[in-house]
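K.L.:
have a look; sequence and predicted model below, questions after that.
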Amino acid sequence: MQADTIIVGGGLGGLAAAIRLQAAGRRVRLLEKNDRVGGKMNIVQDAGFTFDTGPSLFTMPWVVRELWAAAGRSADDVLEIVPVDPVCRYTWPDGTRWDHRSALPDLIAEINKLSPPDAVNFFRFMAFAGRIYAATAEPFLLSPFRGWRDFVTPRFVRDAPALDPLHTVDQAVRRHFRSPYLRQVFNRYATYNGSSPYRAPATFCIIPYIEFAEGGWYLKGGMYSLARELLRLAESLGVEIETSAEVVEVCVRGGAAHGVRLAQGRELAAERVIVNVDALHGLRHLVAPEHRRAWTDRRIDRFEPSCSGFVLLLGIDRDYPELAHHNIFFSPDYPAEFRAIFDLQVPAPDPTIYVAATVRSDPQHAPENGMNLFVLVNAPATSERFQWEREAGGYRDLIVRLLERRGLPNLSQHIRYEQTITPADFGNRYRAWRGALYGPSSNQALSAFLRPPIVSPDVRRLYFVGGATHPGGGIPLVLLSGKAVAEEIGREN
Ligand SMILES: Cc1cc2nc3c(=O)[nH]c(=O)nc-3n(C[C@H](O)[C@H](O)[C@H](O)COP(=O)(O)OP(=O)(O)OC[C@H]3O[C@@H](n4cnc5c(N)ncnc54)[C@H](O)[C@@H]3O)c2cc1C
C-alpha cells in the first residue's frame, strides 16, 4: 500500500515522527541519505574500540519512555536507561576538580568543598530556574508551538517576568553563585543548545535545572542503541525505511507538498512530506525557489547558527584512572572562547575540552586496559574565516597537547586508533546547516520563539521535524518535535 506520509531523513526527529504517525494509523515511508539511520547520533566501531560519535548524555528520559508508550510498547524492554554518577567531572587548569554528583547529599558535599555559601545559593538557583521550567514546559516544550498566539495567554503574561529574558545566562548565574568555578559549571549549560552563556537569555537556566533535578542519563551498550531501537520499533510497526536514498526536492503542486524526488530521479508521491533534514538547509535546498517566499530566504539568512563541534575519536592503550565517564577540562578564559566561536568565527586557541569514556560504563567499548576517548571541543559553524580541510591536523595536535597539559600526560604516545570529525564533516554527512549541531543559536532574547516552525509557512502539507525547528536541539527536544509534528498532522483537515 502506498505511504501517505514521506519523511525525509532518519535522524531521531524523523524516526520519532514516523513511529508516532504509524502508531496512529498513517502509512509512513522514511528516506535516509546515508547507509544507516540515526543522523548526528552515530557510531564508529574499529580496532576493538566503540565510539558514539554524537550525543553522549541525555536528560528527560521520560520523553523516550513516552515515545515507546505511544506505540504501545515499553522502552525498558529494549533499552537499559542508566543514571551516570558523577554526571560529569570538571577539572580546571589550576588543578581544581569538582564532581557533579547525582545524589543530593553528595552534590551538596561537593559544593561545600568548593564554596560553602553556594550550597544555599544552589537551592536559590534551582528555585529561580524551576519557575522558568514551570512557566515554559507545558506551553513551549510539550506542545506544538505554532506561533506567539499559542504562548501569549493570561498565564504567560503572569509568568513572563520569571523567564528573565533580558538578562543573560551568565548574569543569572553570577547573581546566584559566588564561586568562579561553579559559575563556569552553570554557564556551560548554554552550550547544550550550542549557544554562548554571555549572550543566551537567562531563560536557558532551565537546562541545568533539568539536569540537576532529573539527572544525566546514559544507555547501556552505547547511545547509538537509541537509534538502533527506534529503527526496530519503527520497522515493527510497519514503517517502510529506505537508506542510501537522498531526496533532492520536495515536489509541490497547487501550493501543497505531494511527494519527493530522489537523487536518482525517482519520484514518490504522498499526501504530506515531513523534512527531518536540518530545517534551514531543507527550506533552502529542498523547496524550489518558486515555492518559497523571498521573506523565508531573508529569514534564513538572518539566523545565527549554533556552534558546531570538533571531534577526536582516540583509542588508547592505557587507562587514566582520573577520568570518569563524562569529563570537562575547562579553559582558563571562558568568555574568550565564546568570542572566538561567535564573534571571530574561528576555533578557540585554548578551548574547554569535553572527554567521554563510555568504557567506564561499558567495558567492552575498548580492549583490556585501554580507553575509548570521545573528545569534543565547541567550534564555530563553518564559514570562509576558517578552512577545516587545511587546519584540522594542526588543531588536532593543539587539543592533544592541551589534554596532556591538563591531566592526561603522554596521551600522544598511547593513541592506537584515531579519527577526526570537523564541522565541515557534520555539514557534509548530515546536511547540518553550516555544520551547526543544534540549528539556529539561542543567543538572542527571544530566539527560542523564532526558530523555523514545524509547519511550513510557504507550502501546505509540508512539515519540519528535528533539532533546527521547535522546540530545539538535543535528544529529548528532538523527540518532542516528533510528537509535536504528529499532533499537528492529527489536526489536518
Ligand atoms: C558531536 C555531537 C554531540 C552531541 N551531544 C549531545 C548530547 O550529549 N546530548 C544531546 O541530547 N544531544 C547531543 N547532540 C545533539 C543531538 O545529536 C541532535 O540534536 C539530534 O541527534 C538531532 O536529530 P535530528 O532529528 O534533528 O536530525 P539529524 O541527526 O540531523 O538527522 C537528519 C537526517 O537527515 C538525513 N538527510 C539529510 N539530507 C537528506 C536528504 N536530502 N535526503 C534524505 N536524508 C537526508 C541525514 O543524513 C540525517 O540522518 C550532539 C550532537 C553532536 C553532533
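P.N.:
In hand now; what should we look at?
K.L.:
shouldn't residue 370 be in contact with residue 317?
P.N.:
Yes. Between residue 370 and residue 317 a contact is recorded at 5.1 Å, counting by CB atoms under 8 Å. (Glycine included, C-beta is placed from N, CA and C.)
K.L.:
mutual contacts of those two, please.
P.N.:
Jointly contacting residue 370 and residue 317 under the rule CB atoms under 8 Å, 6 or more residues apart in numbering are residue 416.
K.L.:
what about these two, which has more around it?
P.N.:
More crowded of residue 370 and residue 317, by other CB atoms under 10 Å: residue 370, with 20 against 15.
K.L.:
buried stuff in stretch 98-115?
P.N.:
98, 99, 100, 101, 102, 107, 108, 110, 111, 114, 115 (16 or more other CB atoms under 10 Å).
K.L.:
check contacts around the second one.
P.N.:
Contacts were defined as CB under 8 Å, 6+ apart; by that measure residue 99 touches 86, 88, 89, 90, 106, 110, 324.
K.L.:
what's the third one sitting at in phi/psi?
P.N.:
Spelled out, that is residue 89. Main-chain dihedrals, residue 89, degrees, to the nearest 10: phi -110, psi 120.
K.L.:
ok, it touching residue 328?
P.N.:
Yes. Contact status for residue 89 versus residue 328: in contact at 7.3 Å, counting by CB under 8 Å.
K.L.:
rewinding a little: which among the buried residues of stretch 98-115 gets closest to the ligand?
P.N.:
Distance to the ligand, by CB to the nearest ligand atom, is smallest for residue 100 among those, at 14.2 Å.
K.L.:
name the nearest residue to residue 75, sequence neighbours excluded.
P.N.:
Of all residues not flanking residue 75 in the chain, residue 68 sits nearest, at 3.9 Å (CB to CB, 6 or more residues apart in numbering).
K.L.:
do a quick rundown of the strands in the stretch 1-150 of the chain.
P.N.:
5-8, 28-31, 43-46, 49-52, 81-83, 88-91, 97-100 (DSSP state E, counting those that start in this stretch).
K.L.:
can you name the next helix or strand after the lowest-mean-pLDDT helix or strand in the chain?
P.N.:
When each helix and strand of the chain is scored by mean pLDDT, DSSP states H and E, helix 148-151 comes last, with a mean of 66. Toward the C-terminus, helix 148-151 is succeeded by helix 154-163 as the next helix or strand (DSSP states H and E).
K.L.:
which is the succeeding secondary structure element to that next one?
P.N.:
Next helix or strand after helix 154-163 toward the C-terminus (DSSP H and E): helix 169-176.
K.L.:
hmm, who's touching that next one?
P.N.:
By CB under 8 Å, 6+ apart, helix 169-176 touches 121-122, 124-125, 128, 164, 167, 183, 186-187, 189-190, 197-198, 200-202, 204-205.
K.L.:
may I have the secondary structure class of residue 375?
P.N.:
strand (DSSP: H, G, I helix; E, B strand; the rest coil).
K.L.:
was I right about it contacting residue 351?
P.N.:
No. If you go by CB under 8 Å, residue 375 and residue 351 don't touch, sitting 10.8 Å apart.
K.L.:
which neighbours do the two have in common?
P.N.:
Counting by CB under 8 Å, 6+ apart, the contacts common to residue 375 and residue 351 are residue 399.
K.L.:
pull out the buried positions in the strand or helix carrying residue 402.
P.N.:
Following DSSP H and E, one finds residue 402 within helix 388-406. Buried residues in helix 388-406, counted by 16+ other CB under 10 Å: 388, 392, 395, 396, 398, 399, 400, 402, 403, 406.
K.L.:
show me where the stretch 251-400 of the chain has strands.
P.N.:
So, for the stretch 251-400 of the chain - with DSSP E, counting those that start in this stretch - the strands run 256-262, 267-269, 272-275, 308-316, 326-329, 353-357, 371-379.
K.L.:
deepest-packed of these, please.
P.N.:
Mean neighbour count (mean count of other CB atoms under 10 Å) peaks for strand 272-275 among the strands of the stretch 251-400 of the chain, with a mean of 28.
K.L.:
what's the separation between residue 433 and residue 423?
P.N.:
Per CB to CB, to the nearest Å, residue 433 is found 11 Å from residue 423.
K.L.:
whoops, residue 321 was the one
P.N.:
As judged by CB to CB, residue 321 and residue 423 stand 32 Å apart.
K.L.:
so between the two, which is more surrounded?
P.N.:
Between residue 321 and residue 423, counting by other CB under 10 Å, residue 423 is the more crowded of the two (27 against 6).
K.L.:
for the ligand, what are the nearby residues on the stretch 301-450 of the chain?
P.N.:
The stretch 301-450 of the chain comes close to the ligand at residues 309, 311, 376, 426, 430, 431, 432, 437, 438, as judged by CB under 6 Å from any ligand atom.
K.L.:
would JSON lines of those with pLDDT be doable?
P.N.:
Formatted as JSON lines, these follow (pLDDT from 0 to 100):
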{"residue": "309", "pLDDT": "98"}
{"residue": "311", "pLDDT": "98"}
{"residue": "376", "pLDDT": "98"}
{"residue": "426", "pLDDT": "98"}
{"residue": "430", "pLDDT": "98"}
{"residue": "431", "pLDDT": "97"}
{"residue": "432", "pLDDT": "97"}
{"residue": "437", "pLDDT": "97"}
{"residue": "438", "pLDDT": "95"}
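K.L.:
quickly check those for the two that are furthest apart.
P.N.:
Farthest pair in those (CB to CB) is 376 and 431. Separation: 20.3 Å.
K.L.:
sorry, back to before: and which of the residues of the stretch 301-450 of the chain next to the ligand is nearest residue 477?
P.N.:
For these, with residue 477 as the reference and CB to CB as the criterion, the closest is residue 438, at 9.1 Å.
K.L.:
ok, the closest one - contacts?
P.N.:
Each residue near residue 438 by CB under 8 Å, 6+ apart is listed here: 193, 194, 306, 307, 467, 468, 472, 473, 474.
K.L.:
let me have those in a markdown table, extended by neighbour count.
P.N.:
A markdown table is the format used below for the contacts of residue 438 (neighbours: other CB atoms under 10 Å):
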| residue | neighbour count |
| --- | --- |
| 193 | 26 |
| 194 | 28 |
| 306 | 31 |
| 307 | 25 |
| 467 | 30 |
| 468 | 31 |
| 472 | 29 |
| 473 | 26 |
| 474 | 22 |
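K.L.:
give me the pLDDT for the residue of the stretch 51-200 of the chain found nearest the ligand.
P.N.:
Residue nearest to the ligand within the stretch 51-200 of the chain (CB to the nearest ligand atom): residue 55, separated by 3.3 Å. Looking at residue 55, its pLDDT is 98.
K.L.:
phi first, then psi, for it.
P.N.:
Per-residue torsions, residue 55: phi -60, psi 150 (degrees, to the nearest 10).
K.L.:
which positions in stretch 414-424 come out as buried?
P.N.:
If you call a residue buried by 16+ other CB under 10 Å, then stretch 414-424 has these buried ones: 414, 417, 418, 420, 421, 422, 423, 424.
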